[in-house]
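> sequence unknown, structure follows:
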């Protein structure tokens, strides 16, 4: 290749490079749709994913060893507090009660005889027919039998308590779970699996967490704080906030809460997950704009504000909530023109051109139809 050819190729490449730079410099402004931020009083709703849990739950276990003689309910039954659930073979405990009662009767008879002896001894002592020592012995015997009688009464009470353990009753009202034993099964207090678990379903609670930044909103919200849970069919149930944890979880930066719901139809079921919304009052003079205007970056959200020279400036915002296709944000003022649509390929300082409003008779695009 000659020196002249190399020079010609170099000139051509330089010319192409200048042309590329020129085209990039003279790139036409990108067409966008603009909107203006506004202020309004917005009902502040805090959203979270809730976990349904019983208001109260108990594992029923035996307090004494024995054979199950009868199961008085079925799995899944609605149980009332105090209802008899299981009967144990109580023949030994019944015999112990009878034995304790017999000993009590024996002690009562002995005490009655001792009281008569002591009364006579006092009369004889006054007439100097018996010594002071004999009177003291009669009094000591009386006091000993009184203590024995008190012990026998306690033994009767203890025997009756042991007998009561053979009748296992429900400590609370609720729905019975799986029954893990059957008639003839041998049970003892150390069993690993409970006889049955009873869960209170009405009222019921929904546990959830919110970011720690929302704690001040909850503390200043009107009381009682209402909480709604959205069911699978789209309907909502209304409840009240019943618990705010006394500490923020340092590992997750959230605070645990619970809401209590009346649940007569068992629409909320333990273990299920439901979306919840907390009515945390009204946000005065909140900045709102269409949700399309809020862009999501690698580590924050932002909007493109349109400057006087038709360039755009990125402004970081915090998304507080979204409702009815309106985004409530902080970090930007009101009456500021921002890019609503067409900001996907923009960069800081990019030139833009606002699109003219479409004629009402013109066919709608997919984007405008979604407004």
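That came in fine, so what should we check first? In this text, all values refer to a predicted model and were calculated from it rather than measured experimentally.

> okay, CA-based contacts and neighbour counts for the rest of this
OK.

> pLDDT below threshold where in the protein?
Applying pLDDT under 70 to the chain flags the ranges 1-27, 357-371.

> and the helices in this structure?
3-25, 91-126, 132-164, 215-220, 366-369 (DSSP state H).

> quick one, which of the ones you listed gets closest to residue 52.
Closest to residue 52 of the helices of the chain is helix 215-220 (C-alpha to C-alpha; 20.8 Å).

> for the stretch 251-371 of the chain, what spans make up the strands?
Secondary structure of the stretch 251-371 of the chain, counting by DSSP state E, counting those that start in this stretch: strands at 254-261, 273-290, 295-296, 301-306, 312-323, 326-330, 337-341, 352-354.

> and of those strands, who's closest to residue 35?
When the strands of the stretch 251-371 of the chain are ranked by proximity to residue 35, the top entry is strand 337-341, at 5.5 Å, counting by C-alpha to C-alpha.

> give me the number of residues near residue 172?
For residue 172, the neighbour count with other C-alpha atoms under 10 Å is 17.

> also the one 3 residues further on?
The burial metric for residue 175, expressed as a neighbour count using other C-alpha under 10 Å, is 18.

> tell me the bridge partners for residue 330.
residue 318 (DSSP bridges).

> distance of it from residue 159?
Note on residue 330: its distance to residue 159, by C-alpha to C-alpha, to the nearest Å, is 71 Å.

> residue 229 against residue 240, yeah?
No - applying C-alpha atoms under 8 Å, one finds residue 229 not in contact with residue 240, separated by 10.5 Å.

> ok, the two, which is more surrounded?
Neighbours per residue (other C-alpha under 10 Å) separate residue 229 from residue 240, with residue 229 holding more: 25 against 19.

> which residues does the more buried one form beta bridges with?
Here residue 229, judged by DSSP bridges, has bridge partners residue 237, residue 276.

> and it, what does it touch?
Going by C-alpha atoms under 8 Å, 6 or more residues apart in numbering, residue 229 touches 236, 237, 238, 239, 274, 275, 276, 277.

> again, but for residue 62
Residue 62 neighbours (C-alpha under 8 Å, 6+ apart): 165, 168, 187, 188, 189, 195.

> try 7 Å this time
Counting by C-alpha atoms under 7 Å, 6 or more residues apart in numbering, residue 62 makes contact with 187, 188, 189.

> which of the residues you listed tops the neighbour count?
Neighbour max across the contacts of residue 62 (other C-alpha under 10 Å) = residue 187, 19 neighbours.

> on that earlier part again, tabulate the contacts of residue 229 in TSV, adding columns for distance to residue 287 and neighbour count.
Listed next are those as TSV, based on distance: C-alpha to C-alpha, whole Å; neighbours: other C-alpha atoms under 10 Å:
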residue	distance to residue 287	neighbour count
236	28	14
237	30	16
238	28	15
239	29	22
274	29	20
275	25	17
276	24	25
277	21	18
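
> quick one: the strands of the stretch 251-371 of the chain as a markdown table, columns for distance to residue 248 too.
Shown next, in a markdown table, are those (distance: least, C-alpha to C-alpha, whole Å):
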| stretch | distance to residue 248 |
| --- | --- |
| strand 254-261 | 5 |
| strand 273-290 | 18 |
| strand 295-296 | 28 |
| strand 301-306 | 25 |
| strand 312-323 | 20 |
| strand 326-330 | 24 |
| strand 337-341 | 37 |
| strand 352-354 | 45 |
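
> out of residue 330 and residue 159, which sits in the busier spot?
The neighbour count for residue 330 versus residue 159, taken as other C-alpha under 10 Å, is higher for residue 159 (20 against 14).
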